[in-house]
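# any chance you can model this:
(2 chains)
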Amino acid sequence: QKEVEQNSGPLSVPEGAIASLNCTYSDRGSQSFFWYRQYSGKSPELIMFIYSNGDKEDGRFTAQLNKASQYVSLLIRDSQPSDSATYLCAASPNNDMRFGAGTRLTVKP
Amino acid sequence: DAGITQSPRHKVTETGTPVTLRCHQTENHRYMYWYRQDPGHGLRLIHYSYGVKDTDKGEVSDGYSVSRSKTEDFLLTLESATSSQTSVYFCATGQGYTEAFFGQGTRLTVV
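Model prediction:
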């Protein structure tokens, strides 16, 4: 079992809709959680990080963390075609950083 | 953007030959990571370093070794390349428990 699991994609939403991306992790010692976006052929780039239980909002993005359920999610409001990319969830259990397999999101105009 | 440079950016090598990939950073980050990315697997951690000469194994370390003699450089070596090591390799740096910044990637093909 991978340490970080993401919901299988691909995910397709219409422009303006809310995209919901989910992730679970197995190591309860994980302290930090990250969402990265990766466009095809490019490097991953950080969207958000979250350390505490609850919600964290940044513009159109909201990260949610539930340590009891070992669950992390990312909501993208008012999705735009430019949000079409692969989204990678990561957890940091021991100063290393473990990633899920990624969820490919397509936002259709 | 963090100053992270990977070299080479592209390489084709033959099975059984040694290959070294280099990651150079100008951010003075303590932690450095090597990942490989393959379709359907996302990013998998190969090795990481938490200081000069301090390294540890990741999820897929077999067939790989690393060295870090200076804060700014982290080398990944494939002692005897195999076709299963054909992949895109990413270096990342960070301060631990915080976000990591990625280099541009190296596309390695083993024929």
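
# does the residue nearest the centre of chain B have any beta-bridge partners, and if so which?
For chain B, the residue nearest the mean C-alpha position is B:Trp34 (3.0 Å; CA atoms, centre = their mean). Beta-bridge partners for B:Trp34, by DSSP bridges, are B:His47, B:Cys91.

# in contact with it, which residues?
B:21, B:23, B:45-48, B:58, B:64, B:66, B:74, B:76, B:89-91 (CB atoms under 8 Å, 6 or more residues apart in numbering or on different chains). All C-beta atoms are positioned from the backbone trio N, CA, C, and that covers glycine.

# look up how far B:Leu76 lies from it.
Taking CB to CB, to the nearest Å as the measure, B:Trp34 falls 5 Å from B:Leu76.

# what do those two both touch?
Shared contacts of B:Trp34 and B:Leu76, counting by CB under 8 Å, 6+ apart, come down to B:21, B:23, B:46-47, B:64, B:66, B:89, B:91.

# who wins for most neighbours among these?
B:Cys91 (28 neighbours; other CB atoms under 10 Å in any protein chain shown).

# my read: it touches B:Ala100, true?
No - using CB atoms under 8 Å, B:Cys91 is not in contact with B:Ala100, being 9.7 Å away.

# what touches both of these two?
Counting by CB under 8 Å, 6+ apart, the residues touching both B:Cys91 and B:Ala100 are B:Tyr33.

# what residues does stretch B:76-90 touch?
Against stretch B:76-90 from outside (CB under 8 Å, 6+ apart): A:43-44, B:6, B:13-23, B:34-38, B:43, B:46-47, B:63-67, B:91, B:102-103, B:105-111.

# let's go with 7 Å and repeat that
Residues outside stretch B:76-90 that contact it (CB atoms under 7 Å, 6 or more residues apart in numbering or on different chains) are A:43, B:13, B:15-21, B:34-38, B:43, B:46, B:63-66, B:102-103, B:105-110.

# pull out the buried residues from stretch B:5-22.
Using 16 or more other CB atoms under 10 Å in any protein chain shown as the test for burial, stretch B:5-22 gives B:6, B:11, B:13, B:19, B:21.

# what bridges to the first one?
Residues found in beta-bridge contact with B:Gln6 (criterion: DSSP bridges) are B:Cys23.

# and which of the buried residues of stretch B:5-22 is nearest chain A?
B:Gln6 (9.4 Å; CB to the nearest CB).

# I'd like the distance between that closest one and B:Cys23.
5 Å.

# shared neighbours, those two?
B:91, B:103.

# just checking, A:Ala101 touches A:Gln6?
Yes - at 5.9 Å, A:Ala101 counts as touching A:Gln6 under the criterion of CB atoms under 7 Å.

# in the chain, which ranges drop under the pLDDT threshold?
Reading this off chain A. Across chain A, the ranges flagged by pLDDT under 70 are A:1.

# was after chain B, sorry
Using pLDDT under 70, chain B drops low at B:1-2.

# chain A contacts on that one?
B:31, B:33, B:40-43, B:45, B:48, B:50, B:58, B:90, B:96-100, B:102-105 (CB under 7 Å from any CB of the partner chain).
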